[in-house]
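S.K.: This is the structure alone, sequence omitted:
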């Protein structure tokens, strides 16, 4: 996953450098691929606002995202695209 200069600047403004360095690129890429397979084409936007979600182990992320999909209904991709703050549902247990 490559970020352009502006996206990287936003990432650095939003998150601590140690947090950014703690990202496992293999895990991140697996999650991005999973999101693509679930019609989420704004994975970069999610990274820029919710980087800590990408620190979750892949299996945990998938479990939580599946619960999010269930909560939002079949138009989950559109609803999430319109209101990215809905991703916060994934933080609830």
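M.R.: In hand now; what should we look at? Predicted model, so just to flag it, every value in this text is computed and none were measured.
S.K.: In what element of secondary structure is the most centrally placed residue in the chain found?
M.R.: Within the chain, one residue has its C-alpha closest to the average C-alpha position: by CA atoms, centre = their mean, that is residue 46, at 4.1 Å. Taking DSSP states H and E as the definition, one finds residue 46 inside helix 43-49.
S.K.: Just the buried residues of that helix, please?
M.R.: For helix 43-49, burial by neighbour count (16 or more other CB atoms under 10 Å) applies to 43-48. (Glycine included, C-beta is placed from N, CA and C.)
S.K.: just curious, which of the residues you listed is nearest to residue 76?
M.R.: Proximity of those to residue 76 was ranked by CB to CB; the top entry is residue 46 with 13.3 Å.
S.K.: Give me the distance between the closest one and residue 6.
M.R.: The span separating residue 46 from residue 6 equals 16 Å under the rule CB to CB, to the nearest Å.
S.K.: go on, residue 57?
M.R.: According to CB to CB, residue 57 and residue 6 sit 29 Å apart.
S.K.: low pLDDT regions in the chain?
M.R.: Under the criterion of pLDDT under 70, the regions of the chain flagged as low confidence span 1-2.
S.K.: Grab the longest helix from it for me.
M.R.: Using DSSP state H to define each element, the chain has its longest helix at helix 58-72.
S.K.: Report the buried residues of it.
M.R.: 58, 61-62, 64-65, 68-69, 72.
S.K.: Give the next helix or strand downstream of that helix.
M.R.: Later in the chain than helix 58-72, the nearest helix or strand by DSSP H and E is helix 76-82.
S.K.: quick one on the thing from earlier: give me the packing partners of the helix holding residue 46, helices and strands only.
M.R.: Contact partners of helix 43-49 among helices and strands, from 3 or more CB pairs under 8 Å, 6 or more residues apart in numbering; DSSP states H and E: helix 5-14, helix 25-37.
S.K.: All good on my end, thank you.
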